[in-house]
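1. Sequence and predicted structure below; questions after.
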Number of protein chains: 2
Amino acid sequence: MWSIIIVIILSVIAYFITDQLIPNLKDLFINAGLYGVDLCKNSKNKIPEALGVVSGCIFLVTSFTFIPIVFGNGLMDRESFPHNEFAELLAALLSICCMLLLGFADDVLDLRWRYKLLLPTVASLPLLVVYYVNFNSTTFVIPIPFREWLGASINIGFLYYIYMGMLAVFCTNAINILAGINGLEVGQSVIIAISVIVFDIIELRGDQYKAHTFSLHIMLPYLATALALLKHNWYPSKVFVGDTFCYVSGMTFAVVGILSHFSKTVLLFFLPQIINFLYSVPQLFHFVPCPRHRLPKYSAETDLLQASRTVIVKKDMTFLTKTIVQILRIIQLVDVKEDSDTIVMNNLTLINLFLIKFGPMPEVRLVIMLMLFQCLCSCIAFVIRYPMASYFYDT
Amino acid sequence: MWSIIIVIILSVIAYFITDQLIPNLKDLFINAGLYGVDLCKNSKNKIPEALGVVSGCIFLVTSFTFIPIVFGNGLMDRESFPHNEFAELLAALLSICCMLLLGFADDVLDLRWRYKLLLPTVASLPLLVVYYVNFNSTTFVIPIPFREWLGASINIGFLYYIYMGMLAVFCTNAINILAGINGLEVGQSVIIAISVIVFDIIELRGDQYKAHTFSLHIMLPYLATALALLKHNWYPSKVFVGDTFCYVSGMTFAVVGILSHFSKTVLLFFLPQIINFLYSVPQLFHFVPCPRHRLPKYSAETDLLQASRTVIVKKDMTFLTKTIVQILRIIQLVDVKEDSDTIVMNNLTLINLFLIKFGPMPEVRLVIMLMLFQCLCSCIAFVIRYPMASYFYDT
């Protein structure tokens, strides 16, 4: 327990260092050509980009410095040193460090999609080996209603490793595609991090307390550095966080989910990201035309955001495209304007969905609404995890 | 032993992938503004910079993919899994990955010196913890002639960890300051790597064979990716390697030296870098004026390089500066031109020293001479390590 107190102290220090460093390093980023213009503002100021690398580095450094402190007890008596826990922490940090590197390289070099999918998979390899060595539990417990057919549990073996590798790829990219307005990337990550921490604290008294202590060791410095970043990234943004931040965040959640064995619970906290991903699938896989940016459209006169749109030429429509558009219309998840030649509909992102359902609104209200939705989903996740789970599982 | 064969196969694959990727990714780097102009050439072509990040990434990915292969034997029987060796490899890769990130950040952002010294120290922390846990041997064996006074060995305790931390900082920066002409950074690293590999092979039959197998697991993929990079970086350079490469190389050598317990032998292979560092000290610590670049001067008419020079204003000279210049003149290590007000002397780098001793020469001849000097120093290192060591140590 004392190790958690030390991590809290280190995290508070990390918060203040990150908060200090970000404004100091802004010019370095602008001079290096790492800047963008905020498309949802009138001013055309240069906003430094990829500042997530700063919070990510401080997060890593904090984790490094507490290695000797957390393992200090074990170091006294080297015979009983917990080599497996140490290897777990190293593998976790290695995977996160890789994603920090990949994210930054992506921000600087604008990598192609194949690298974005390949590298998180490779980066999660040390993690999977540690999982294999320390646990190798590849069993899914079957919910009670299905046990009649499938038995109490099912061992999916090698598929479980594929599932974990895909979890890393999904988490790193899911945050990245629910992005584009001030504070959204960091805001959602902060809420997920707080949800994971609350879950850890609840479970600290259970028999999995070791796994949840491990999770807290990672999540607390992560939350501290993300909060400092949010302060500067919140509307109106003085810095942008870049892919760097999204990748580091995603990998951090994946690492914690995998090594602390609550990957399904982590996925529950990703509900808005999953909804956004599923809703985006028709455009991500190009069944519906996908413009380079799907950001909402900013109107300078009203200072409001409205849904951005994509144009489908009717004569180019395949049967699949027609079906998808038809289904989305029936369940009222798109706003469509149709004439004889074209169909104009909103881009399929959660952000645009909010804008068509609640009408045009200022950027800051939109981001707050999305944050509230994320909080609501976390509450739903806790309901599913606790009261409901007892109907489906023996607890 | 079979693990080494697998690593050789993976390294050959890594060589070809790196060799393919570098020309393919060149434009990405130029588009991102990561390019420079070769100051020692007539043409003013844009040469992509920081390509060391490509070889570094492939090096890391290769190491990741062989984790399950090398530890495959151990995985069969999880009770006897070598957790400590696994943690060693993870810590090594974590430190190298950190340096890759720092180096790339430095290339992109042009970091200040304090970060360059601070971050390698932090990056070596996981390494030192692993060392503490697995070995914690902080004993220096005293050479025989001094044993009368100091005893057979001396335990320097905590100082040993400071020594190792400084080794990481030294190795990462030593390669970086012996640089500036085509192929030099990679060339010297390749020779050091080959020297370490030869040393490993010699020692493979000894009782430290495990440590040397570990070293080979790291050095072989490193050498393969560095060779592929050298192919493109050799005179006339089609790519520059950037600080990224120097940092990764330095940390790789430090990691191997520390975890395989032959850090003193690694330092022997760094003889030219140590000479260059000592020779540079008066400028590095600003006892003698240090211009931003100390590259040799290119003469477009003759296509030859000659030593670059620094100007000391006589009335600004402190006593220390005077003494240093005087000593350097007496031991004939500088070329000085003096008038009533100023002293003009060559910048204090090994490259310029070669140019004042052997006269102006083409760039390619200079780099070959420096490579031969590196080889000579490796031979001297082996003489010190083997025939001479038996006079000083019991072998």
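-> Cool, got the structure. Numbers count the residues shown, from 1 in each chain, chains lettered A, B, ... in the order given.

2. And the strands in the stretch 51-200 of chain A?
-> A:139-141, A:153-155 (DSSP state E, counting those that start in this stretch).

3. Give me the buried positions along whichever strand or helix holds residue A:337.
-> Residue A:337 belongs to strand A:336-338 when assigned by DSSP states H and E. Within strand A:336-338, no residue counts as buried by 16 or more other CB atoms under 10 Å in any protein chain shown. All C-beta atoms are positioned from the backbone trio N, CA, C, and that covers glycine.

4. packing partners for it?
-> strand A:342-346 (3 or more CB pairs under 8 Å, 6 or more residues apart in numbering or on different chains; DSSP states H and E).

5. still on that earlier bit, least confident of the strands of the stretch 51-200 of chain A, on average?
-> For the strands of the stretch 51-200 of chain A, mean pLDDT drops lowest on strand A:139-141, to a mean of 79.

6. Provide the strand pairings for it, with the direction of each partner.
-> Strand pairing for strand A:139-141, using DSSP bridges, gives strand A:153-155 (antiparallel).

7. Give me the contact list for the partner strand.
-> With CB atoms under 8 Å, 6 or more residues apart in numbering or on different chains as the contact definition, strand A:153-155 has outside contacts at A:138-142.

8. And for stretch A:232-245?
-> In contact with stretch A:232-245 (CB under 8 Å, 6+ apart) are residues A:19, A:22-23, A:26, A:29, A:34, A:36, A:38, A:41, A:47-53, A:55-56, A:100, A:103-104, A:106-107, A:176, A:182-183, A:185-187, A:189, A:226, A:229, A:363-364, A:367.

9. Next up, the contacts around residue A:169.
-> A:117, A:120-121, A:124 are the contacts of residue A:169 under CB under 8 Å, 6+ apart.

10. And the furthest pair within those?
-> The most widely separated members of these are A:117 and A:124, with 11.9 Å between them, by CB to CB.

11. So what pairs up with residue A:313 in the strands?
-> Here residue A:313, judged by DSSP bridges, has bridge partners residue A:342.

12. That one contacts residue A:344, doesn't it?
-> No - applying CB atoms under 8 Å, one finds residue A:313 not in contact with residue A:344, separated by 10.5 Å.

13. if you count what's nearby, which of those two comes out ahead?
-> Just comparing residue A:313 and residue A:344: by other CB atoms under 10 Å in any protein chain shown the higher neighbour count belongs to residue A:344, 13 against 10.

14. Which residue, other than its chain neighbours, is closest to that one?
-> Spatial nearest neighbour of residue A:344, excluding adjacent residues (CB to CB, 6 or more residues apart in numbering or on different chains): residue A:337 at 4.6 Å.

15. what do you get for residue A:279?
-> The shortest distance from residue A:279 to any residue other than its chain neighbours is 5.1 Å, reached at residue A:348 (CB to CB, 6+ apart).

16. What values do phi and psi take at the one you found?
-> Backbone torsions of residue A:348, given as degrees, to the nearest 10, read phi -90, psi 70.

17. For it, the count of nearby residues, please.
-> 23.

18. where's it relative to residue A:308, distance?
-> 11 Å (CB to CB, to the nearest Å).

19. just residue A:363 next, same as before
-> Distance, residue A:363 to residue A:308, using CB to CB: 13 Å.

20. And residue A:190, by the same measure?
-> For residue A:190 relative to residue A:308 (CB to CB), the value is 26 Å.

21. ok, now residue A:33?
-> 27 Å.

22. repeat for residue A:63
-> Applying CB to CB to residue A:63 and residue A:308 gives a distance of 39 Å.
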